[in-house]
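1. after the sequence you'll find the predicted model.
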Amino acid sequence: MTTSWLVSALIIFLIAPDCTFLMSLAISACITPTDPVLSNSVVKGKFADAHVPFPIQTILSAESGTNDGFALPFAMIALNLIKLSTGEAFKEWAIGTILYELILGVVIGGVVGFVGRKALKYAEDHDWVDRESFFVHAVCLAFFVVGLCGLLGILNRIFCVVILRLTTMHRIGRSSSLFCCW
């Protein structure tokens, strides 16, 4: 992804004459992670249901989502370099982006996702939920995540990736899933 980010930035820099290289890096961080679009045909639809095993679909969905989340450090280093001096930009990037937003986002996202999955499994075991309620569960988690991220001042992309990944490890009727032991 780093190579794709740098090559895309170079192409943008060469094509757009008024764009500085730092601006090109920021734009490139936005367009580099295209995996969700490309993997959608493999993960969703009739072909995927018929030919792609569910564990592979799950792993591809998680990989494409985390690929989007990994764009955050690239975007933030470029934006920090535009607005701050080099030393301050790297300090802000290391402490603010990597330690606070990413690490804390993964930890809290893991806890919320784990609790959400256990709650959904408990409700399923007690026949309190049916298939239609999975959507409501995801929407409620999304609103909770957006509110929590707003309170903590964290971008919610990495939270959502971790939470949705941990929440969807268990699904009704998919006991042959790679993650059924969780």
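-> Received it, and whenever you're ready, just let me know what you need.
2. okay, CA-based contacts and neighbour counts for the rest of this
-> Noted.
3. I'd like the average pLDDT over the longest helix along the chain.
-> Identified as the longest helix of the chain according to DSSP state H is helix 104-125. Across helix 104-125, the average pLDDT comes to 81.
4. okay, and for this structure, where does confidence drop off?
-> For the chain, the stretches flagged by pLDDT under 70 are 33-41, 62, 64-66, 68-69, 155-182.
5. for it, just list every one of the helices.
-> In the chain, the segments counted as helices under DSSP H are 2-15, 21-31, 35-43, 46-51, 54-69, 71-83, 86-92, 104-125, 133-152, 157-167.
6. pick the most buried one from those.
-> For these, the largest average neighbour count (mean count of other CA atoms under 10 Å) is found in helix 157-167, namely a mean of 24.
7. residues touching Ala89, list them.
-> Each residue near Ala89 by CA atoms under 8 Å, 6 or more residues apart in numbering is listed here: 77, 80-81, 83.
8. closest to Leu120 out of the residues you listed?
-> Distance to Leu120 across these (CA to CA) is lowest for Ile77, with 37.8 Å.
9. which non-adjacent residue is nearest the closest one?
-> For Ile77, ignoring the flanking residues on the chain, the nearest one in space by CA to CA, 6 or more residues apart in numbering is Trp93 at 5.9 Å.
10. is that neighbour in contact with Leu79, as I believe?
-> No - using CA atoms under 8 Å, Trp93 makes no contact with Leu79, being 9.6 Å away.
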